[in-house]
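Novice: Have a look; sequence and predicted model below, questions after that.
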Amino acid sequence: MRETEGRRPVIALAGSPNVGKSTLFNRLTGMRQHTGNWIGKTVAVARGRCTRGGRDWTVVDLPGAYSLQAKSAEEAVARDFLCFGGADGVVVVCDATCLERGLHLVLQVLELQPRTVVCVNLMDEARRKGIEVDVDALSRKLGVPVVGTDAGHGKGLEALLSAVEEVLAKAPEAMTPRYLPPIEEALAQVRAALPAEVPVPERWLSVRLLEGEGPWKELEERLGRDIRRTDGVPEAVAAARDRLAEAGIEGRLLSERLVSCLVWQGEELVRGVVEQPETRPRSGGDRLLTSRALGVPLMLLTLGVVLWLTLSGANILSGWLTAGLFWIEDRLTAAFAALGAPDWLHGALVLGAYRTLAWVVGVMLPPMAIFFPLFTLLEDLGYLPRVAFLLDHAFQKARACGKQSLTLCMGFGCNAAGVVGCRIIDSPRERLIALLTNSFIPCNGRLPTLIALITMFFVGAEGMGGSVRAALLLTAVILLAVLVTFGMSRLLSATVLRGEPSAYTLELPPYRRPRVGQILIRSVLDRTLFVLGRAAAVAAPAGLILWLCANVEVEGQTILFWITHYLDPLGRFLGMDGVILAAFLLALPANEIMLPIVLMAYVSGGSLTEVGSLSGFHAQLAAQGWTGLTAVCTMLFCLFHWPCSTTCLTMAKETGSAKWTALGVVLPTAVGVVLCAVVAAVGRALGLG
Ligand SMILES: Nc1nc2c(ncn2[C@@H]2O[C@H](COP(=O)(O)OP(=O)(O)OP(=O)(O)O)[C@@H](O)[C@H]2O)c(=O)[nH]1
Ligand SMILES: [Mg+2]
C-alpha cells in the first residue's frame, strides 16, 4: 500500500441518524462535536485525530444517512464522502435497539468498502429494554467484525479500534467482488474511460451502472468539477449501458431488485442475532407530551421552570462571584496606590479592563453556566423534537418548515450554531427563512442581559416570590421572541421568499437517559472556559478602549462624550440613550459585554458609587436617568438588533450571499427600531418615561 504510506489512515464513521456517531467521534478524538437526542445534528463532515493506544488515525464524523440513495442534503454529504472521500476504512454505527434498521446501510457500505467494521452502539439501552444482540453471530453472517459499544459511557472502544486495525491490515484486492460477466465487462469499459486518478470504488460503480440516468449525471458533474476531465466518459457509459441491455440486464429493474434484496437480507440477518422481549410496552407519555391540549402548557411550564432555576441559581452564584471579584479589585486598587502608580494606569487597567472582565464573569456568566446545561439535559433526553412537533403547526401556518423549531431551539444556545443547523431544512426557501429569523431568539450571550435587567427593574421582592415573578417575565419575553419569529417567517414567505411549505417527516427519537454527570461537567466547563476566553479576548480590550474613550479629550470633550452625543438623539427616540446604543454597537463581537460597557461608560463619565452588586448597579443606572421604560426598550433592543459578528460571518458563509446576510442584519434591527420607537412614544405619552 504505497499510496497510504506517510499518510494517516482515514476512518469514516457512518450510520443512520441519531445512533451516536458524534458521541463516538468525540470519544475517539477528544473533540466536541455537537451531540444530542434528535435527528440531524451533524450536517457536515468533521475530522479529528485519534491517537488512542499508540494509533494515529484521522477519524471522520459523517452526517446521519439511512442509505446511500440520498434523500436529503446531509445524506448526500455522507454518501459523497463514502464514495469519493478516500476513506481507508469505515465504521458503520448501528442502534442496538433497532438493529435491522441500520443493517440496510451496512450492506450498502459493504458494497463499497470491504474494510468495514460494524459498531452496534447503545448496547446499554438495548440491555435495559431486554434486547440481546449476538454480535459474534452477526459478524459470522456479514463476514466483517462486529463490535458492541456504549459510546455514551466510553465502553467497548478498545475492541472497536482493534477491529478497525484488523480490517485495515487486509489487502483490498483480496476482497474484490465478483459480478455477472456482462456487468464486469461494462464495468471495465467505464473504468477504462475514467481518469486513473479518480477514486471511484468498484462496487459503487457497478451498482450505479445498474441504476437509471440520474446517478450518472451526478458522476459526470463530479468528474467535471473536480478534475475537469469528462472526455470519453459519457460515451463509455452509454456503450456500457447498451452492452447491459443486450445482455438483457435492465438497469432500473435490477437496482430495484437489489434494494429489495438488501431489505430482505436485513430482516434475514437479524434472525438469530437479536433476541427481544415478546411485547415491548409503548409509553403513553408521548401522546400526552405531544398533544396540543397538554403538550403546550407542559412546554411552557418546562420553559418557565428552566428559566426559574436559571434565575434563582444565578442569583446565588453571582452573589458569591461578584463579592470575590470586587474584593480582588479593591486589593488591586490598594496595590496600585501603594506602588505609586499614576491614576491613568490604575484607571485603564483596573477600572477599565479588570472591571469589565469581572462583570462578565460575575454577572453574565452564572445564568449561562446554569441555563446551558439544563438545556443540554433536555436535548439529550429527547425533548427538542417533541417541541418541534408542538410548534410544527404554527410554522406550517407561517408557511415555513416545521424543522425550523429545531433550529430555533438551537438559537437559545448560540445563534451561529442555529444558523449552521438550518442545513437540516432541505427546501432552500425554508432554509433561508429559518436562517434569517434565527437571531430573533435570545442566545446565551443575551439571556443574561435580559435577566439582569428584569431582576433590577421589575422584581422588587427578594426570595422565592421574586424569582418566580422574574421567571414569568422572562418566559413572556421569550414568547414574544418566538411570536416575532412566526410573524417574520410569515412576512418573508409572503414577500421575498414566497412559496408553499414543503412536506417532511419529523422523527421522534426514543427518550434516552441523559448522561447527567458528563453533561454538567462538560457543558459548565466548556461554557465557562469559552466565556472566560471571550471575556479575556473581547471584554477586557473593550473595557480598555472604553476607558480611553472616556478619558482622552478631543476639542475639550472626551471621545466618549462625542460618540454618545451624536448617538443620543437616536437613542432617546428609541427610549434609550446614546450610551446604551454605543454599548450595543461596541458589543458586536460578543453580546454578553453590552451591560458591562454601559456600566463602564457611566462610571468613567461621572462619580462612582458601589457597583459590585445588581442593586448598586441599579442605583447607578437610576442616577443616569434610567426608568422602567428605558429598561423595557433596552430589553426589546437586546432581543431585536443586529446579530453578533460571529453570527453575521456564519450567515455569510452559509448563504454565500452578501444580499441575504445584509437582510439577516437589517431584519432584526428594523424590528427592534420599530418596536422601541413605538413603545417609547406610547410610554412617554402615558407619562412613564
Ligand atoms: N445510552 C446511550 N446513549 C448514547 C450512546 N451513544 C450516544 N448516546 C446518546 O444518543 C444521542 C445521539 O448521539 P449523537 O452522537 O449526537 O448521534 P449522531 O449519530 O451523531 O446523530 P446525527 O448527527 O444527528 O446523525 C445523544 O443524546 C447521546 O448522548 C450510548 O452508547 N448509550
Ligand atoms: Mg452527529
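Specialist: Sure thing, it's come through. Numbering: from 1, shown residues only. Ligands and ions are numbered 1, 2, ... in the order given.

Novice: Residue ranges in the chain under the pLDDT threshold?
Specialist: 1-6, 171-184, 187, 195-231, 233-234, 247-269, 278-285, 460-464, 604-613, 689 (pLDDT under 70).

Novice: Close to ligand 2: what parts of it are there?
Specialist: Lys21, Ser22, Lys41, Thr42 (C-beta under 5 Å from the ion). In this view, the C-beta of every residue, glycine as well, is placed from N, C-alpha and C.

Novice: Domain map for the protein?
Specialist: With domains defined by automatic domain parsing, the chain comprises 2-175, 181-275, 292-685.

Novice: ok, which of the residues of the chain next to ligand 2 also contact ligand 1?
Specialist: Lys21, Ser22, Lys41, Thr42 (C-beta under 6 Å from any ligand atom).

Novice: For the second one, which non-adjacent residue is closest in space?
Specialist: In this structure, Ser22 finds its nearest non-sequential neighbour in Gln33, 4.2 Å apart by C-beta to C-beta, 6 or more residues apart in numbering.

Novice: From ligand 1, how far out is that neighbour?
Specialist: Using C-beta to the nearest ligand atom, to the nearest Å, Gln33 is found at 7 Å from ligand 1.

Novice: isn't Val603 right up against Gly347?
Specialist: No - counting by C-beta atoms under 8 Å, Gly347 is not a contact partner of Val603; they are 10.3 Å apart.

Novice: Counting neighbours, go ahead and name the busier of those two.
Specialist: Val603 (21 against 17; other C-beta atoms under 10 Å).

Novice: So which bits of the helix or strand containing that one are buried?
Specialist: Element membership for Val603 (DSSP states H and E) is helix 594-605. For helix 594-605, the neighbour count (16 or more other C-beta atoms under 10 Å) marks Met594, Leu595, Pro596, Ile597, Val598, Leu599, Met600, Ala601, Tyr602, Val603, Ser604, Gly605 as buried.

Novice: which residues touch the second one?
Specialist: The reference is to Leu595. Trp359, Val363, Met364, Thr449, Ala452, Leu453, Ala583 (C-beta atoms under 8 Å, 6 or more residues apart in numbering).

Novice: returning to what we had before: biggest separation within the ones next to ligand 1 among the residues of the chain next to ligand 2, which pair?
Specialist: Lys21 and Lys41 (9.6 Å; C-beta to C-beta).

Novice: neighbour-wise, which of these two wins?
Specialist: Lys21 (31 against 24).

Novice: is it possible to export the buried residues of helix 594-605 to JSON lines including distance to Val60?
Specialist: Output for those, formatted as JSON lines (distance: C-beta to C-beta, whole Å):
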{"residue": "Met594", "distance to Val60": "39"}
{"residue": "Leu595", "distance to Val60": "42"}
{"residue": "Pro596", "distance to Val60": "41"}
{"residue": "Ile597", "distance to Val60": "42"}
{"residue": "Val598", "distance to Val60": "45"}
{"residue": "Leu599", "distance to Val60": "46"}
{"residue": "Met600", "distance to Val60": "46"}
{"residue": "Ala601", "distance to Val60": "48"}
{"residue": "Tyr602", "distance to Val60": "51"}
{"residue": "Val603", "distance to Val60": "51"}
{"residue": "Ser604", "distance to Val60": "51"}
{"residue": "Gly605", "distance to Val60": "54"}
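
Novice: which other helices and strands contact the longest helix seen in the chain?
Specialist: If you go by DSSP state H, the chain has its longest helix at helix 292-338. Counting contacts by 3 or more C-beta pairs under 8 Å, 6 or more residues apart in numbering; DSSP states H and E, helix 292-338 is packed against helix 285-289, helix 343-346, helix 355-359, helix 365-381, helix 383-397, helix 447-458, helix 463-494.

Novice: Please repeat the previous calculation with a cut-off of 6 Å.
Specialist: Where contact means 3 or more C-beta pairs under 6 Å, 6 or more residues apart in numbering; DSSP states H and E, helix 292-338 is packed against helix 365-381, helix 383-397, helix 463-494.

Novice: what's the angle from that helix to helix 365-381?
Specialist: If you take axes from the mean of the first three to the mean of the last three C-alpha atoms, to 10 degrees, helix 292-338 sits at 150 degrees to helix 365-381.

Novice: can you give me the angle helix 292-338 makes with helix 463-494?
Specialist: Using the same axes, to 10 degrees, helix 292-338 lies at 110 degrees relative to helix 463-494.

Novice: Would you pull up how far helix 292-338 lies from the middle of the chain?
Specialist: Relative to the centre of its chain, helix 292-338 is centred 24 Å away, using C-alpha atoms, centre = their mean, to the nearest Å.

Novice: Stretch 129-144 too?
Specialist: 34 Å.

Novice: now do stretch 566-579
Specialist: 35 Å.

Novice: Can you give me the buried ones in it?
Specialist: By neighbour count on 16+ other C-beta under 10 Å, the buried set for stretch 566-579 is Leu567, Asp568, Gly571, Arg572, Leu574, Gly575, Met576, Asp577, Gly578, Val579.

Novice: Residues contacting that stretch, please?
Specialist: Outside stretch 566-579, the residues that touch it by C-beta atoms under 6 Å, 6 or more residues apart in numbering are Thr564, Ile580, Leu581, Ala582, Val598, Ala601, Leu629, Cys633, Thr634, Cys676, Ala677, Ala680.

Novice: do stretch 344-357 as well
Specialist: Leu332, Thr333, Phe336, Ala535, Ala539, Ala540, Gly543, Leu544, Trp547, Pro596, Met600.

Novice: Residue of the stretch 501-650 of the chain nearest ligand 1, please.
Specialist: Arg512 (5.2 Å; C-beta to the nearest ligand atom).

Novice: Thought Asn37 was touching that residue, still the case?
Specialist: Yes - taking contacts as C-beta atoms under 6 Å, Arg512 lies within contact range of Asn37: 5.1 Å.

Novice: Could you list the contact residues of the stretch 501-650 of the chain toward ligand 1?
Specialist: Arg512, Arg515.

Novice: just the chain next, same as before
Specialist: So the chain meets ligand 1 at 15, 17-23, 35-37, 39-42, 63-64, 121-122, 124-125, 150-152, 380, 512, 515 (C-beta under 6 Å from any ligand atom).

Novice: Inside strands: which ones of the residues you listed?
Specialist: The strands, defined by DSSP state E, take in Gly15, Asn121 from the residues of the chain next to ligand 1.

Novice: Please identify the buried residues of stretch 98-110?
Specialist: Cys98, Leu99, Glu100, Gly102, Leu103, His104, Leu105, Val106, Leu107, Gln108, Val109, Leu110.

Novice: now for the helix or strand hosting the last one, which elements pack on it?
Specialist: Element membership of Leu110, judged by DSSP H and E, is helix 99-112. Using 3+ C-beta pairs under 6 Å, 6+ apart as the contact criterion, the secondary-structure elements in contact with helix 99-112 are strand 89-95, strand 116-121, helix 202-209, helix 251-270.

Novice: Tell me the spacing between the residue lying farthest from the centre of the chain and Leu194.
Specialist: Centroid-distance maximum for the chain: Glu246 at 51.3 Å, with C-alpha atoms, centre = their mean. Distance, Glu246 to Leu194, by C-beta to C-beta, to the nearest Å: 22 Å.

Novice: swap in Ala87?
Specialist: 19 Å.

Novice: What of Asp124?
Specialist: 45 Å.

Novice: State the distance from Leu474 to ligand 2.
Specialist: Distance, Leu474 to ligand 2, by C-beta to the ion, to the nearest Å: 31 Å.

Novice: Equivalent analysis for Lys653, please.
Specialist: Taken as C-beta to the ion, the span from Lys653 to ligand 2 is 20 Å.
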